[in-house]
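A.B. asks: 3D, please:
(one chain, ligands or ions: 1)
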Amino acid sequence: MKNETAGEAFHAVVVTIFPELIEAVAAVGVFGRAVDRGLIQLETINPRRYTDDRHQTVDSKAYGGGPGMVMKVGPLRAALEEARRRCPKAKVVYLSPQGEPFTQGHAEACAELGEVILLAGRYEGIDQRVIERDVDVQWSLGDYVLSGGELPALVVLDAVARLRPGVLGDEGSAEAESFSAGLLDFPHYTRPEEVDGQRVPEVLLSGDHGAIAAWRQAQAEAVTQRQRPDLWARWQEQQQRAEKRKGSIGDGSHE
Ligand SMILES: C[S@@+](CC[C@H](N)C(=O)[O-])C[C@H]1O[C@@H](n2cnc3c(N)ncnc32)[C@H](O)[C@@H]1O
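C.D. replies: Below is the predicted model:
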């Protein structure tokens, strides 16, 4: 389908032995609409295509013994070479519990770059030689172990797609969400004004845009302080640094 915006589509290639999993989830909701509208170009490459045995084997026993199978170098390397041909600027990201924690910052950098190759592992993981030679970066979805990298790949794709121009109906939506400004999101309410004795805060019904903005900012700060003291400390440091910069510009002492 035709790209609705002047900008180029975001191009993602997922290397996975379960392409149907990626395609099914990516067909619905905000992401599915973005694909239909030509804002996202999503492709999958199955390493099984690059095998030459009858069973299309992509895994084998681990050297040194132990339980579980390991994904072989050959089919993965060939699939990644094809992915790089299609997406020459992209970083190759291996989704792995051993990676750096995936954050909004990674999503922003990825959206900006315009391309990504995501490698989803299965079994006990992938042969270390692929990580050493073919992977640029490893991202983890959290300190727990999943059965495969497909769900993490979908999480990354969803987070990135929301940041691309035209994907969200209201361009302000992504900016106002948790993490974008270093704080968690403020609380949201919709109709009716009262449910089972619970009322919408009066300020939101006031029509006073300044008061609403101030209330939302105060709520975002309060919720961040309460739920994520780590983010709150970082945000306060940022504010202090910004204040200092302002001060030094004001008194002419900056370089
Ligand atoms: C069963 S896991 C392998 C775990 C590996 N043996 C370990 O302990 O580090 C199979 C695949 O799921 C994916 N995976 C599992 N947990 C993940 C996480 N927290 N973040 C990102 N990917 C994950 C990776 O692609 C991995 O290759």
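A.B. asks: If you count contacts, what does the top helix by length along the chain end up packed against?
C.D. replies: Identified as the longest helix of the chain according to DSSP state H is helix 229-250. Contacts defined by 3 or more CB pairs under 8 Å, 6 or more residues apart in numbering; DSSP states H and E place helix 229-250 against helix 209-227. C-betas here are computed from N, CA, C, even on glycine.
A.B. asks: what angle do the longest helix of the chain and helix 209-227 make?
C.D. replies: 130 degrees (axes from the mean of the first three to the mean of the last three CA atoms, to 10 degrees).
A.B. asks: For helix 229-250, which outside residues touch it?
C.D. replies: Around helix 229-250, the neighbours that count as contacts under CB atoms under 8 Å, 6 or more residues apart in numbering are 179, 182-184, 221, 224-225, 254.
A.B. asks: In terms of pLDDT, where does whatever residue of the chain ends up closest to the ligand sit?
C.D. replies: In the chain, no residue comes nearer to the ligand than residue 121, which is 2.2 Å away by CB to the nearest ligand atom. Residue 121 is assigned 98 on the pLDDT scale.
A.B. asks: was I right about it contacting residue 71?
C.D. replies: Yes. Between residue 121 and residue 71 a contact is recorded at 6.1 Å, counting by CB atoms under 8 Å.
A.B. asks: Residue 87 and residue 114: what is the separation?
C.D. replies: 9 Å (CB to CB, to the nearest Å).
A.B. asks: Which of these two has more residues huddled nearby?
C.D. replies: In this view residue 87 and residue 114 are compared by other CB atoms under 10 Å, and residue 87 has more residues nearby, 20 against 17.
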